[in-house]
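Visitor: Give me the fold of what follows.
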Amino acid sequence: MTMQLLRRLAEVVLWTLAAVGLLCAVLWGATAMGLVKPLIVISGSMEPQIMTGDLLIDVPVETEGLGVGDVVSLPSELTGNLVTHRIEKVAATGDGTYQISMKGDNNAASDALDYTVGDRVWQPAVQLSGWGSAVQRLTTPGVAIPLVIGLVALLGITLLLPAPTRRPSQGRGVPADAQQGTAVGGTAAPVAASGAEGPAASGAPRSEPETALTMTRAQWRELAQR
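Guide: Numbers count the residues shown, from 1 in each chain. All right, here's what the predicted structure looks like:
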C-alpha cells in the first residue's frame with residue numbers, strides 16, 4: 001500500500017513539473033519570437049508597486065500611444081540593461097524616434113539620462129510577485145543539480161514500481177442468463193415469463209427430472225380423457 005501511494009505521489013509531482021516545463025517552453029518560444037520579454041526586478045526603485053524579486057512579462061507597445069505616468073522598460077545607455085520606471089515626459093523628435101524621461105517611484109530624482117527609443121517599446125503586462133527570486137534560485141547549481149537528481153529518482157519510481165491492479169467487480173464474467181433469476185445450490189434457475197404456466201413457459205431446456213414429470217402429467221391427462 002505504501003509503495004502504491006509513493007508511486008501515485010511521484011506521478012502527481014511529475015505531471016505538475018511537466019505542466020510547468022510546458023509553460024516555460026511556451027514562454028521561451030514567445031520570447032524567441034519577440035512576443036514577450038521576461039524581466040526579473042533586481043532593485044527597489046519602483047517599490048511598493050513593483051517589488052525586488054518580482055517577475056515582469058513585458059509586451060511590445062506603440063510608443064506613440066504612451067503618456068506621462070505609464071510604466072515602461074527602456075534600454076539604459078549607461079548599463080545596456082532594461083530599466084523599468086515611470087514616464088515623466090515623452091516627446092517626438094520628428095525623425096521617427098522619441099525622447100522619454102523616466103523616474104522610479106522610490107527614487108528621489110529622475111533618471112540621469114533621457115531615453116531615445118523607436119516606435120515600439122517594452123511595457124509590463126504581467127507582474128508575478130516573488131517569481132523572479134524563485135527563478136534565480138532554481139537556476140543556481142546548488143539547487144538545479146539536486147532538483148534534476150530528484151526528478152530522475154521520481155521517474156525511476158514511476159517506472160520500477162508496479163502499477164496498481166484493479167480488482168474485478170462483483171458479477172463480472174458471469175453470464176447474463178446466470179445473473180438473472182434465483183440461485184439454488186450454486187445454479188441459477190431461469191425466471192419464467194409473466195403469465196406463463198409451469199416450467200415449460202420459460203423457454204429453457206428441461207432437465208431430465210422435469211421432462212419425466214411433464215410426460216407423467218401428459219399421460220394422466222390422456223388417461224382422464226379416455
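
Visitor: give me the low-pLDDT residue ranges for the protein?
Guide: Applying pLDDT under 70 to the chain flags the ranges 1, 143-144, 147, 157, 161-220, 222-226.

Visitor: check contacts around the nearest residue to residue 109 once chain neighbours are set aside.
Guide: Counting by C-beta to C-beta, 6 or more residues apart in numbering, residue 103 is the residue found nearest to residue 109 once chain neighbours are left out, at 7.2 Å. Backbone N, C-alpha and C define where each C-beta goes, glycine included. The contact partners of residue 103, taken as C-beta atoms under 8 Å, 6 or more residues apart in numbering, are 85, 86, 88, 109, 110, 111.

Visitor: Show me what the biggest strand by length in the chain is packed up against.
Guide: As assigned by DSSP state E, the longest strand anywhere in the chain is strand 82-92. Where contact means 3 or more C-beta pairs under 8 Å, 6 or more residues apart in numbering; DSSP states H and E, strand 82-92 is packed against strand 37-40, strand 71-75, strand 98-103.

Visitor: re the thing from before, could I have the buried ones of the contacts of residue 103 as PyMOL selection syntax?
Guide: Here is the PyMOL selection string for the buried members of these, based on 16 or more other C-beta atoms under 10 Å:
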select buried, resi 85+86+111
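
Visitor: Adding distance to residue 74, write the contacts of residue 103 out as CSV.
Guide: Formatted as CSV, the contacts of residue 103 follow (distance: C-beta to C-beta, whole Å):
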residue, distance to residue 74
85, 8
86, 11
88, 12
109, 17
110, 13
111, 9
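
Visitor: Pick out whichever of the contacts of residue 103 sits closest to residue 3.
Guide: Taking C-beta to C-beta as the measure, residue 3 lies nearest residue 85 of the contacts of residue 103, at 55.4 Å.

Visitor: The closest one and residue 104 touch, don't they?
Guide: Yes. Using C-beta atoms under 8 Å, residue 85 is in contact with residue 104, at 4.9 Å.

Visitor: Compute the inter-axis angle for the longest strand of the chain and strand 71-75.
Guide: Relative orientation of strand 82-92 versus strand 71-75 (axes from the mean of the first three to the mean of the last three C-alpha atoms, to 10 degrees): 100 degrees.

Visitor: Need the residues that contact strand 82-92.
Guide: Residues contacting strand 82-92 (C-beta under 8 Å, 6+ apart): 37, 39, 41, 45-46, 50, 56, 58, 63-64, 66-76, 98-105, 107, 110-111, 115, 122, 124.

Visitor: Same check on stretch 10-20?
Guide: Outside of stretch 10-20, the residues within contact range by C-beta under 8 Å, 6+ apart are 151, 154, 155, 157, 158.

Visitor: anything in contact with each of residue 85 and residue 104?
Guide: Residues touching both residue 85 and residue 104 (C-beta under 8 Å, 6+ apart) are 45, 46, 111.
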